[in-house]
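K.L.:
this is a predicted model, with the sequence first.
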Amino acid sequence: MTGVLVTGGTGKTGSALVELLRGNGVPVRVASRHPSAGDPDAVRFDWADPATHPAALRGVDRVFLVPPVNTVDPMPLVGPFLAEAQRLGVRRVVLLGSAVVLPNAPSALELAARVRARPGWVVLRASGFMQNFLSPHPVGERIRRCGEIRTAAGGGRVGWIDARDIAAAASALLADPGGEPGDRRDHLLTGPKAMSLQEVAAIITTHTGRPVRVVAIGTDEQAANFRAAGMSAEFAAAIAAVEDGIRAGREDQVSTAVLDLTGRPPRTFAEFVQEHATQWAGKGVPEH
């Protein structure tokens, strides 16, 4: 099968990418831990089970790579996968990386560097997902239940991006088997504007009628919230510490990469909220 292997193929970005590629007539192999029985091109893939990796890679020439989530050290699992991809002659890997650098997590930087080192392989450094403000993400779930966003980020800004725009950028790099990704092997993907969580809350309130407030908390309390949501202690601490960087302005950045790669600008947060307005409708008992 000459085509694209989409790891994380049922996730927020992967599912949108699969739809785009198939809409363009590109053969796709959808990899996930729980493949759909009704999809003949779905294959079981689990980062924790390396035995599933060779079969997923066999016969494809392009890969959309979503590394293991909830870990600060992806290389022990992803490194052998990349070596197998190289051995099998995969021409292009598009890595879904992050614009945010986790503290004390050099493995993620090592992974990105390894991908960039191969001709034709590309890293997408995506900013924070707009989808994080929807349930079942812990932030979105708290908005839905309690009408609040708890944060240690202060008024720091992030260039929030719709996962579908990330998928569109990836599709532009993966759809054409004979195309070249150009000289750039690293693209920062953001939405059209960097915004604070106070601005995010105001937009949700304005376009849904659901009042959303921002509650300032400390980094330790945020880490405890993430642990309660099921993250490992190490990963929860790293994610919470990212908010210190946001507060300091380190994530206040915007790029034109989505427009450059796809020919259209990324969605605004207001557009995203209007499209998903009904998902904030649930009202629980406020928690303080």
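P.N.:
Looks like it arrived, so ask away.
K.L.:
pLDDT weak spots in the stretch 101-250 of the chain?
P.N.:
177-183 (pLDDT under 70).
K.L.:
show me the strands in it, by range?
P.N.:
Under the criterion DSSP state E, counting those that start in this stretch, strands of the stretch 101-250 of the chain are mapped to 122-126, 148-151, 157-158, 186-189, 195-196, 213-216.
K.L.:
I'd like to know which of those is closest to R264.
P.N.:
Smallest distance to R264 across these (CB to CB): 13.5 Å, for strand 186-189. Where you see a C-beta, it was placed from the backbone N, CA and C, and this is true even at glycine.
K.L.:
check which helices and strands that closest one is in contact with.
P.N.:
strand 122-126, helix 163-174, helix 257-262 (3 or more CB pairs under 8 Å, 6 or more residues apart in numbering; DSSP states H and E).
K.L.:
reformat the ones you listed as JSON lines; add mean neighbour count.
P.N.:
Conversion of the helices and strands packed on strand 186-189 to JSON lines gives the following (neighbours: other CB atoms under 10 Å):
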{"stretch": "strand 122-126", "mean neighbour count": "23"}
{"stretch": "helix 163-174", "mean neighbour count": "24"}
{"stretch": "helix 257-262", "mean neighbour count": "19"}
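K.L.:
would A83 count as being in a helix?
P.N.:
Yes - judged by DSSP: H, G, I helix; E, B strand; the rest coil, A83 forms part of a helix.
K.L.:
re the thing from before, now render the helices and strands packed on strand 186-189 as a markdown table, adding distance to P80.
P.N.:
Converted to a markdown table, these look like this (distance: least, CB to CB, whole Å):
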| stretch | distance to P80 |
| --- | --- |
| strand 122-126 | 19 |
| helix 163-174 | 22 |
| helix 257-262 | 29 |
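K.L.:
so for L17, which of these sits nearest?
P.N.:
Across the helices and strands packed on strand 186-189, closest to L17 is helix 163-174 (CB to CB), at 4.0 Å.
K.L.:
gap between the closest one and the chain center?
P.N.:
Helix 163-174 sits 11 Å away from the centroid of its parent chain (CA atoms, centre = their mean, to the nearest Å).
K.L.:
residues contacting T268?
P.N.:
Residues near T268 by CB atoms under 8 Å, 6 or more residues apart in numbering: G191, P192, K193.
K.L.:
distance of it relative to D162?
P.N.:
Using CB to CB, to the nearest Å, T268 is found at 9 Å from D162.
K.L.:
mutual contacts of those two, please.
P.N.:
Going by CB under 8 Å, 6+ apart, residues that sit against T268 and also against D162 are G191.
K.L.:
just checking, T52 touches R44?
P.N.:
Yes - using CB atoms under 8 Å, T52 is in contact with R44, at 5.5 Å.
K.L.:
one step back: a markdown table for the strands of the stretch 101-250 of the chain, including distance to G97?
P.N.:
Output for the strands of the stretch 101-250 of the chain, formatted as a markdown table (distance: least, CB to CB, whole Å):
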| stretch | distance to G97 |
| --- | --- |
| strand 122-126 | 5 |
| strand 148-151 | 23 |
| strand 157-158 | 16 |
| strand 186-189 | 8 |
| strand 195-196 | 22 |
| strand 213-216 | 28 |
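K.L.:
nearest to A85, of those?
P.N.:
Minimum separation from A85 across the strands of the stretch 101-250 of the chain (CB to CB) falls at strand 122-126, 13.6 Å.
K.L.:
give me the contacts around that closest one.
P.N.:
Applying CB under 8 Å, 6+ apart, the set of residues contacting strand 122-126 is 13, 92-99, 112, 115-116, 161, 166, 169-170, 173, 181, 184-189.
K.L.:
what angle do that strand and helix 163-174 make?
P.N.:
Per axes from the mean of the first three to the mean of the last three CA atoms, to 10 degrees, the angle that strand 122-126 makes with helix 163-174 is 170 degrees.
K.L.:
biggest strand in this structure, by residue count?
P.N.:
strand 92-98 (DSSP state E).
K.L.:
convert the C-alpha atoms of that strand to CSV, please.
P.N.:
What follows is strand 92-98, C-alpha atoms only, in CSV (Å, rounded to 0.1, in the frame of the first residue of the first chain):
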residue,chain,number,x,y,z
ARG,A,92,8.2,11.4,4.6
VAL,A,93,7.4,11.6,8.3
VAL,A,94,5.3,14.6,9.5
LEU,A,95,5.7,14.8,13.3
LEU,A,96,3.0,16.5,15.4
GLY,A,97,5.2,18.2,17.9
SER,A,98,4.5,21.1,20.2
